[in-house]
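K.L.:
Predicted coordinates and the sequence they were generated for:
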Amino acid sequence: MNILYIDESGNTGETLSKNFKFNFENQPYYVLAGILLDEKSQVALSAFINSQIARHRIQGNELKAKNLYESKPIFIAELVDYIVTNKIPFFIELMDKYFYLHIQLVEYFIVPYYSIPINDENIFQKRCIASTLGRLLNQDIYQSFIDTIKENTPEALENFYNILITHFEQAGLNEIKTNVEQTKNDYLERKAEDPKKAFKEFFPMPDENPNKRLIHLLPNFNAFTNLVARANKYVEDNLTNKYFEIIHDEQKQFDLIFLSALEKMKNVETDKLIDNTHIAEKGRFNIDNNIKLNFKDSKTDIFIQVSDLISGVIMRFWLDFINKNEVKTTTYLPIIKKLNYPYANTTMGINYVVPDYNYL
């Protein structure tokens, strides 16, 4: 059986703000990594890792990036070499959390998903706006956005439209201001017909955790669905057995949210919406009903630890790259480059959900 082992780094949960400071300021990036293994690959990879642990004298019960990134770059390089040389399928999502917020603002308030056809040209246009939005906003706007999301009411939504319109008008950004005004008008027209339906269409809906608490703006959700879609396309295109199981590191706060995401991938025909776009070339979002998601403690599973190690290494490298730490960037750049879309397969490698100006 093929199993997709998934783990993450940089998880700060839902997006929150207090005293005009985001809860993710110390961890501004989120990385989700998965490796796809059949039984034969599991046996071989486990044997390789155990031999490497002994050779490099690695202590402890877990492979953790926080312990190995500084001290064992050769071990990490050899592990990546093994994965790439043996053509083990892997899928990585690197997300800038500010950029994630900008995407949400574009998709719901500036160029809403319903307002233009879904094609590569319009997807590129939205990405350009999201990439520059950080230079056009201030912390007051971010705080208003988070307050609006937390309040979760039509009144808060309409007030936020006005805040955005005023901000872009004062900044002389009339084209963006016009877009927000049109979105507001569309919302008010649909509200007159069906208030509840309009609010659900025009507002980022929260998810619910196992304790029935609403979770707002969770970057993990988007990264998870995209990674699974990419793995799904790889399996459908390359393997005889189309079934695979997903094992994620334990997620006591978000397990129901991920299970809900998987159910939506089974029932919502997303692929029809993105047909003939570059997104369709990288992933298939409609998955087989038989695909299951289970959760397991990483301390007891070496393959989840591999995904955890890869995600942690990439998150730390990206911080070093953005902060211009030349020593660490020089050490890890050759390793990271090997993880960029290997084997001439566009579904695999690192998917950079970051502003355009931050690409490697």
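P.N.:
Perfect, thanks for sending it. Numbers count the residues shown, from 1 in each chain.

K.L.:
May I have the residues that are in contact with Met95?
P.N.:
By C-beta atoms under 8 Å, 6 or more residues apart in numbering, the contact set of Met95 is Tyr29, Tyr30, Val31, Leu32, Pro219, Asn222, Ala223, Val353, Val354. Every residue, glycine included, has its C-beta placed from N, CA and C.

K.L.:
What residues are bridge-paired with the first one?
P.N.:
In this structure, Tyr29 has the following beta-bridge partners (DSSP bridges): Asp96.

K.L.:
and it, what does it touch?
P.N.:
Neighbour list for Tyr29: Gly10, Leu94, Met95, Asp96, Lys97, Met315, Trp318, Leu319 [criterion: C-beta under 8 Å, 6+ apart].

K.L.:
any chance of those in TSV, plus pLDDT and distance to Pro204?
P.N.:
Below are the contacts of Tyr29 laid out as TSV (pLDDT from 0 to 100; distance: C-beta to C-beta, whole Å):
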residue	pLDDT	distance to Pro204
Gly10	91	21
Leu94	96	22
Met95	96	16
Asp96	94	18
Lys97	93	15
Met315	96	25
Trp318	96	25
Leu319	95	27
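
K.L.:
Mind putting the residues you listed into TSV with distance to Thr166?
P.N.:
Below are those laid out as TSV (distance: C-beta to C-beta, whole Å):
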residue	distance to Thr166
Gly10	34
Leu94	34
Met95	30
Asp96	27
Lys97	26
Met315	37
Trp318	35
Leu319	35
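
K.L.:
Just name the closest of these to Asn159, please.
P.N.:
Asn159 has its nearest neighbour among the contacts of Tyr29 in Lys97, at 24.5 Å by C-beta to C-beta.

K.L.:
how many neighbours does that closest one have?
P.N.:
21 (other C-beta atoms under 10 Å).

K.L.:
that older thread, mark which of the contacts of Tyr29 are buried, thanks.
P.N.:
Gly10, Leu94, Met95, Asp96, Lys97, Met315, Trp318 (16 or more other C-beta atoms under 10 Å).

K.L.:
Could you list the low-confidence segments of the stretch 101-250 of the chain?
P.N.:
209-210 (pLDDT under 70).

K.L.:
mind listing the strands for the stretch 251-360 of the chain?
P.N.:
For the stretch 251-360 of the chain, the strands defined by DSSP state E, counting those that start in this stretch occupy 293-296, 349-353.

K.L.:
Any idea which of those gets closest to Thr277?
P.N.:
When those are compared by C-beta to C-beta, strand 349-353 sits nearest Thr277, at 14.6 Å.

K.L.:
which strands and helices sit next to that closest one?
P.N.:
strand 90-96, helix 97-105, helix 219-238 (3 or more C-beta pairs under 8 Å, 6 or more residues apart in numbering; DSSP states H and E).

K.L.:
Following element in sequence after the last one, please.
P.N.:
Okay, so that is helix 219-238. With elements assigned by DSSP states H and E, the helix or strand that comes after helix 219-238 is strand 244-249.

K.L.:
mind listing what's buried in that following strand?
P.N.:
Buried residues in strand 244-249, counted by 16+ other C-beta under 10 Å: Phe244, Ile246, Ile247, His248, Asp249.
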